[in-house]
Structure formats: structure tokens, C-alpha cells
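# Got a sequence here, can you build the structure:
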Amino acid sequence: MWKIKNKEAVSPVIGVILMVAITVVLAAVLYVWVSGFMTTTSGGVYALSTSVWTDTDTAINASVISTTPTAGILISSITWQLYNTTSTVVAAPSGAQYWSTTGATMATSEYLTAGCSVGFTAPVNGTYKVRAIVGGSQIFESASFVVA
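Predicted coordinates for the structure are as follows:
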């Protein structure tokens with residue numbers, strides 16, 4: 001049988017070094033694991049929110065409250081849809097227009113940001129929802145509203 005002559009454990013300095021090393025390794029493993037949940041596809045995540053949609057005859061418009069990313073969404077990448085909630089027919093609105101925070105008309109090469117406005121013409125009177133689609137993904141859907 002073995003006899004232990006020195007009954008001391010690992011020195012306190014070595015013990016602290018081992019604890020720090022184990023903590024660093026566990027933190028690195030946790031970081032890699034969590035970062036795997038945060039990957040995005042197709043260029044990023046987009047979101048859009050607007051004020052209540054209002055109408056004048058069949059012309060409808062709303063102000064943009066916020067966008068993700070906050071730098072804005074390229075107007076030419078947005079596809080708008082009017083969803084007619086009474087007959088479940090999706091219609092593409094006509095004459096989409098964009099206005100900057102100063103009221104100037106915006107080109108499709110510009111970015112839609114908070115404070116801008118968007119408007120277009122509904123094909124007929126009815127109850128609608130507005131949808132915005134970017135990169136094949138729906139990023140916004142309004143509450144129902146009536147165009148009279």
C-alpha cells in the first residue's frame with residue numbers, strides 16, 4: 001500500500017489558476033453555443049411598424065413609426081399587398097408613393113425610415129389589411145381598416 005508523506009493538496013496559486021482556466025473554457029463554450037442561435041439568413045432581420053392607415057376615397061396612407069434596421073429598409077426591396085379581408089383576395093396596390101420626413105417625394109433607391117410616409121390606391125372600396133414583404137418574408141401586417 002502507498003503511504004502519502006505530504007498531505008497537502010494543490011497549492012492555492014495552482015488552485016486559483018485551475019478555477020480561472022475552467023471558467024474561461026466554460027464561458028467560451030457557452031458563447032459559441034448561444035451565438036449559434038443568433039445567426040440570420042438572407043441579409044438580416046427586417047421589421048416595420050406604421051400608424052393607423054387612413055383613407056381619402058381609395059387613396060390610403062400611413063406614417064412609418066419604426067424600422068429594423070433603424071437605418072431603414074430599401075424602398076425597392078419592399079413589396080406591398082392589400083389583403084381584402086371580405087373575400088380573402090390579395091391585391092397589389094397601385095401607385096405606391098413615399099414621402100420623407102420633410103414631405104418630399106422619395107425615390108425607390110432611398111431608405112424607408114421612421115417618420116417617412118407611404119401611400120397608394122386601393123382598387124375598390126372595402127375592408128383591407130396592408131402587408132409588407134421583404135426578401136420573401138412578411139415583415140408587417142396592419143390591422144383591418146375600411147376604405148370608403
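# C-alpha from now on. contacts and neighbour counts both.
OK.
# Okay, and the beta partners of W99?
Beta bridges link W99 to T105, S117 when assigned by DSSP bridges.
# T79 too?
As for beta bridges, T79 partners with I133 under DSSP bridges.
# what about it, how many neighbours?
By the criterion of other CA atoms under 10 Å, T79 has 17 neighbours.
# Might one say that it is in contact with V130?
No - T79 sits out of contact with V130 when judged by CA atoms under 8 Å, with a separation of 10.5 Å.
# so where do the helices sit in this structure?
Along the chain, the segments classed as helices by DSSP state H run 12-35.
# Listing request: residues of it with sub-threshold pLDDT.
Residue ranges of the chain with pLDDT under 70: 1-2, 4, 6-9, 37-44, 86-94.
# I'd guessed D57 sits against A148; true?
Yes - using CA under 8 Å, D57 is in contact with A148, at 5.8 Å.
# Give me the common contacts of those two.
Common contact partners of D57 and A148 (CA atoms under 8 Å, 6 or more residues apart in numbering): N125.
# Just list the residues touching I139, thanks.
Residues near I139 by CA under 8 Å, 6+ apart: Y46, A47, L48, R131, A132, I133.
# For the second one, list each beta-bridge partner.
The bridge-partner assignment for A47, based on DSSP bridges, gives T68.
# from memory it sits against I65, does it?
No - using CA under 8 Å, A47 makes no contact with I65, being 10.8 Å away.
# Compare neighbour counts for the two and give me the winner.
Legend: neighbour count by other CA under 10 Å for A47 and I65, higher for A47 (17 against 14).
# So that one versus V10, what's the distance?
56 Å (CA to CA, to the nearest Å).
# Thought Y83 was touching G126, still the case?
No - with contacts counted by CA under 8 Å, G126 stays clear of Y83, the gap being 10.1 Å.
# Looking at these two, which is more packed in?
Taking neighbours as other CA under 10 Å, G126 and Y83 compare with Y83 leading, 21 against 15.
# Does the more buried one have any beta-bridge partners, and if so which?
Under DSSP bridges, the beta-bridge partners of Y83 are V90, K129.
# Quickly note the distance from it to T127.
Y83 is 8 Å from T127, by CA to CA.
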